[in-house]
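# Build me a model:
(one chain, ligands or ions: 1)
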Amino acid sequence: MSDETQSLYQLIGHERLQQTVNLFYTSVLKDPLLQPLFGDGHPTHVEHLTAFLAEVFGGPPRYTDELGGFATILKAHRGLNITDEQRARFIELFDLAMVRTGLGNDDTIRMTLNEYLSFGTEVAQINSFATTDAELHPCQEVPRWP
Ligand code: HEM
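Residues are numbered from 1 along each chain as shown. Next up, the predicted model:
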């Protein structure tokens, strides 16, 4: 496979993606602004968030095919009433985790992930406030990015 056809997922590598999500989630559960939303944490969160992001960046569609797909993440976010500060902290902690695993050393990867996180957290925030289906964000499936 030539470089042109390599997905971002391949460039990142599954293990490094999972390590980054793992560090991110550990920091979320210690964060005063975010921890109240996540409680004591969920044992499948790292696996599910990794699978979701893998699919977003061109990896296998395992989140859609095996882990409940977009409907599951939508259900998880509805009613959370995510504030602007919580949304910003989520992005900040993910970026810090990228720096710590070395993923942040690659400017293209870091910038693309941050661009996606800006979009993804906006989707999550809008859905977190939706009281009717009409108020949901129009993105209703696992997006492919970029
Ligand atoms: C790019 C943005 C985001 C993505 C890709 C994402 C993805 C996910 C996924 C995959 C799950 C697990 C659903 C399952 O069990 O399969 C989840 C759950 C959850 N998300 Fe998000 N999320 C995003 C943004 C946010 C934001 C901004 C917040 C709050 C600040 C948030 C709070 C939560 C909570 C509280 C849960 C449920 C608890 C848990 O599973 O641990 N998410 N999210």
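
# Tell me the spacing between Thr5 and Leu74.
Distance check for Thr5 against Leu74: by C-beta to C-beta, to the nearest Å, it reads 31 Å. C-beta: built from backbone N, CA, C; applies to glycine.

# who has more neighbours, the two?
Between Thr5 and Leu74, Leu74 has the larger neighbour count (other C-beta atoms under 10 Å), namely 20 against 8.

# How about the contacts made by Asp31?
Counting by C-beta atoms under 8 Å, 6 or more residues apart in numbering, Asp31 touches Arg89, Leu93.

# Just say helix, strand or coil for it.
Following DSSP: H, G, I helix; E, B strand; the rest coil, we place Asp31 in the coil state.

# now the one 10 residues further on
Here Gly41 is recorded as coil under three-state DSSP.

# got a list of what it touches?
Residues near Gly41 by C-beta under 8 Å, 6+ apart: Tyr25, Leu29.

# State the distance from it to Gly79.
Distance from Gly41 to Gly79, counting by C-beta to C-beta: 19 Å.

# Return the set of buried residues in stretch 121-135.
Across stretch 121-135, burial judged by 16 or more other C-beta atoms under 10 Å covers Thr121, Val123, Ala124, Gln125, Ile126, Asn127, Ser128.

# now, which of those lie within helices?
Among those, DSSP state H puts Thr121, Val123, Ala124, Gln125, Ile126, Asn127, Ser128 in helices.

# Could you give the number of residues near the residue lying closest to the fourth one once chain neighbours are set aside?
Across the structure, with C-beta to C-beta, 6 or more residues apart in numbering as the measure, the residue nearest Gln125 apart from its sequence neighbours is Ile82 (4.4 Å). In terms of burial, Ile82 registers 19 neighbours under the definition other C-beta under 10 Å.

# Brilliant, that's me finished.
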